[in-house]
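Chemist: Got a predicted model here, sequence first, then my questions.
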Amino acid sequence: MIAATSMTILDDFKALTKMRLALSVVFSSLAGYLLAAPQLNFNDLLLLAVGGYCMVGASNAFNQVLERDLDAQMERTKNRPLPAGRVHVPRALALAIFLTLAGICLLYLLNWRTAFFGSLSIFLYVAVYTPLKTRTPLAVFVGAFPGAIPFMLGWVAYTNHFGIEPGVLFMLQFFWQFPHFWAIAWMLDEDYKKAGFKMLPTGEKDRGTAFQIVVYSLWMLLISILPYTHYTGALRLSDYGVVAVVLVGIVMLYFATDLMLKKTNEAARRLMFGSVFYISSVQLIYVMDKFLFYGA
């Protein structure tokens, strides 16, 4: 009985903090740190990983508190801890507040800029993006700001400086989010509409939405090769690195174009998975390229 209760608590914690999403965000932050650091400091990596998880987990917990009634209306989310009644609002709020304070403290031990950007991401996600989701499709644009912070956060965590390098990392993840989240919104459009969420740019699964997905994918691809110009400070790409980045970008662009041509949920699903493959691959390519061709 105790073991079963412990597993239920752990499962609810994972659901409230959206563990898989949070871990992917932590991965982005660590990649940004590795790009900046000439040598590894495992204490800093641990602070960044745990502090970053706390901040993302807090954002997701706050979001689910605010949207608990809307979550109950959607098939995808009706079994989350709050709408299902397994966790009550005060407990979820307490968890969100604790994770926020813990995350800020841990990131502040790295430097104040890292704590500031982490705090800003929570504020934008919870106080701006979340309430806008039922009012305007521009919510995705607003949500792209906190979503783009993790990759650059790692760079700032090491350097305590915001310049061209973290700016490029921010822009890359910023533009990537539009095809990624619009692909998700395309697949879940009917479910989102039950709760009144306005996620697609035109409001419909039409050619206009698909065209915008292609356009943002092109911008994302262009930004991804900026480090090859060597005008991006210490953030650079070798000949091999830029070829690899372009190749995975072409794969992403193929899926985006396929959605524009077919306009089906299956095409959107392929784009969604393709976008996850893309951002993970680009981050790995950047890091491997640095260590293989520019030293560590």
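Modeler: Now that the structure is in, tell me what you want to look at.

Chemist: Next SSE downstream of the helix or strand where residue 131 lies?
Modeler: Using DSSP states H and E, residue 131 falls within helix 130-132. Once helix 130-132 ends, the next helix or strand along the chain (criterion: DSSP H and E) is helix 139-159.

Chemist: send the alpha carbons of that next one over as CSV?
Modeler: Taking Å, rounded to 0.1, in the frame of the first residue of the first chain, the C-alpha atoms of helix 139-159 are listed here in CSV:
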residue,chain,number,x,y,z
ALA,A,139,-0.4,33.5,-27.4
VAL,A,140,1.9,31.2,-29.3
PHE,A,141,4.1,34.2,-30.2
VAL,A,142,4.2,35.3,-26.5
GLY,A,143,4.8,31.7,-25.4
ALA,A,144,7.8,31.4,-27.7
PHE,A,145,9.7,33.9,-25.6
PRO,A,146,9.9,31.9,-22.3
GLY,A,147,10.2,28.7,-24.5
ALA,A,148,13.3,30.2,-26.2
ILE,A,149,15.1,31.1,-23.0
PRO,A,150,16.5,27.7,-21.9
PHE,A,151,19.1,27.3,-24.8
MET,A,152,20.6,30.7,-24.2
LEU,A,153,20.2,30.3,-20.4
GLY,A,154,23.1,27.7,-20.4
TRP,A,155,25.4,30.2,-22.1
VAL,A,156,24.5,32.9,-19.6
ALA,A,157,24.9,30.5,-16.7
TYR,A,158,28.6,30.1,-17.6
THR,A,159,29.5,33.6,-18.8
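
Chemist: Show me which residues of it are buried.
Modeler: Across helix 139-159, burial judged by 16 or more other Cβ atoms under 10 Å covers 139-140, 142-159. From N, CA and C alone the C-beta is placed, and that goes for glycine too.

Chemist: buried set for the helix holding residue 131?
Modeler: 130, 132.

Chemist: helices or strands up against it?
Modeler: Counting contacts by 3 or more Cβ pairs under 8 Å, 6 or more residues apart in numbering; DSSP states H and E, helix 130-132 packs against helix 42-66.

Chemist: Next, the buried residues of the one helix or strand residue 22 maps to.
Modeler: Taking DSSP H and E as the criterion, residue 22 maps to helix 19-36. By 16+ other Cβ under 10 Å, the buried positions in helix 19-36 come out as 19, 22, 25-36.

Chemist: For stretch 121-129, what is the distance to the chain centroid?
Modeler: 13 Å (Cα atoms, centre = their mean, to the nearest Å).

Chemist: Next, the distance between the ends of that stretch.
Modeler: 10 Å (Cα to Cα, to the nearest Å).
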